[in-house]
Each structure stands twice: as structure tokens, then as C-alpha cells.
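Peer 1: I would like the atomic coordinates for the input below:
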Amino acid sequence: MVDAVTKKTLGQIPLLKTRAGPRDGDLWVQRLKEEYQSLIAYIEKNKSEDNDWFRLEANQEGTRWFGKCWHIQDRLKYEFEVIFDIPVTYPATAIEIALPELDGKTAKMYRGGKICLTDHFKPLWARNVPKFGIAHAFALGLAPWLAVEIPDMIEKGIVTYKDKTSASGDT
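Peer 2: Next up, the predicted model:
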């Protein structure tokens, strides 16, 4: 069951059509174009709603993705590195999003800092192959995970604010 806010968000992220993974040559190039179009639409939607929360880029082949995501709480920005690889069996297999610096800090995470998406997101992904892509994984996987886990880790003192201005090397 999907709530109204989630349905609205999904309605604003273009669905993908091409069923192709990294080994599928020209079909993969087509899939990557769809992924970028979907991501751009999602990012523009977020910016228009003053909800900008991640930056993402890929290697030239579109198989390794990296960037930053953040959570703002009490007017403080908690920023984390985000990485993932496209599985060979993509899109039949969902991506596994990792926040390496949080590895081992919560039970809702696997080795290497991969966030737990098995119970809620992966069944939804499986029902929507090949229509879901990276933007959908961020909107339905990473965003809710950050919204629940990061405030809990902040409250427990597991995650602390890092002031970037004080790291300037004052002597």
C-alpha cells in the first residue's frame, strides 16, 4: 500500500521502458539515457519543492555511481558519501545503495554500508521491472531510509555534526 505523498512523488518521476543492463550494448546506452532523464526530472521536482538532498554522477559506462546525499536536522546539514554499482542483471536486480561511512552504525545496514531495502523496497522494485530506475530507488529507498535512520542515529549520538569551516587547519 502506497500513501498519497509517495504516489505523488512517483507520478512526477518518469518511468523507464528499456529492459537492459550493462552487458546489453546499445540497449544499455538507451537505458542510461532514460535513467538520466528520470533522474533530471526527479532532481528538478525536488529543487522546485525546496527539497534538494543529493548529488550524483556516474563513470563513463554508467556502471559505477557516486555522490553525496544529506539530511538536514535542527538547521544542520549532515552529509554522507553515497555509492552503488549497477548489477549485471539490472534492471531485474535492484541497485544496492551504500553509505560507506555509516557502515556498522545501524542494524538496518549490510556490510560495506549498504542500506537495508529488502523488506519494503525490493518487492516493489520486482513488481515494476523495467519501469523503475535509479531515481525511483532514491525516492522510495534511500530517502525514507535517511528520514528514519539518520535522526535516530543523531539522537543516539552515533552520527554527529561535522562543521566544515572548523576543518580549515587553524594553528
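Peer 1: give the contact list for the residue most central in space within the chain.
Peer 2: Centroid-nearest residue in the chain, with C-alpha atoms, centre = their mean: F138, separated by 3.3 Å. Contacts of F138 were listed using C-beta atoms under 8 Å, 6 or more residues apart in numbering, and they are Y42, F54, L56, I97. (Glycine included, C-beta is placed from N, CA and C.)
Peer 1: what about 10 Å?
Peer 2: With contacts defined as C-beta atoms under 10 Å, 6 or more residues apart in numbering, the neighbours of F138 are 13, 39, 42-43, 46, 53-54, 56, 69, 82, 84, 95, 97, 146.
Peer 1: Run through the strands of this protein in chain order.
Peer 2: 54-58, 64-73, 76-85, 109-110, 114-115 (DSSP state E).
Peer 1: Extract the CA atoms of stretch 73-90 and return them as PDB.
Peer 2: Output of stretch 73-90 as PDB, limited to C-alpha atoms (Å, rounded to 0.1, in the frame of the first residue of the first chain):
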ATOM      1  CA  GLN A  73      18.100  18.500  11.100                       C
ATOM      2  CA  ASP A  74      18.000  21.400  13.500                       C
ATOM      3  CA  ARG A  75      19.300  23.600  10.700                       C
ATOM      4  CA  LEU A  76      22.500  21.400  10.500                       C
ATOM      5  CA  LYS A  77      23.400  19.600   7.300                       C
ATOM      6  CA  TYR A  78      24.600  16.000   7.800                       C
ATOM      7  CA  GLU A  79      26.300  14.900   4.600                       C
ATOM      8  CA  PHE A  80      27.200  11.400   3.500                       C
ATOM      9  CA  GLU A  81      29.100   9.800   0.600                       C
ATOM     10  CA  VAL A  82      26.700   7.600  -1.500                       C
ATOM     11  CA  ILE A  83      27.900   4.900  -3.900                       C
ATOM     12  CA  PHE A  84      26.500   2.000  -5.800                       C
ATOM     13  CA  ASP A  85      27.200  -0.200  -8.800                       C
ATOM     14  CA  ILE A  86      24.700  -1.300 -11.400                       C
ATOM     15  CA  PRO A  87      24.300  -5.100 -11.100                       C
ATOM     16  CA  VAL A  88      25.000  -7.200 -14.200                       C
ATOM     17  CA  THR A  89      21.400  -8.400 -14.100                       C
ATOM     18  CA  TYR A  90      20.000  -4.900 -13.800                       C
END
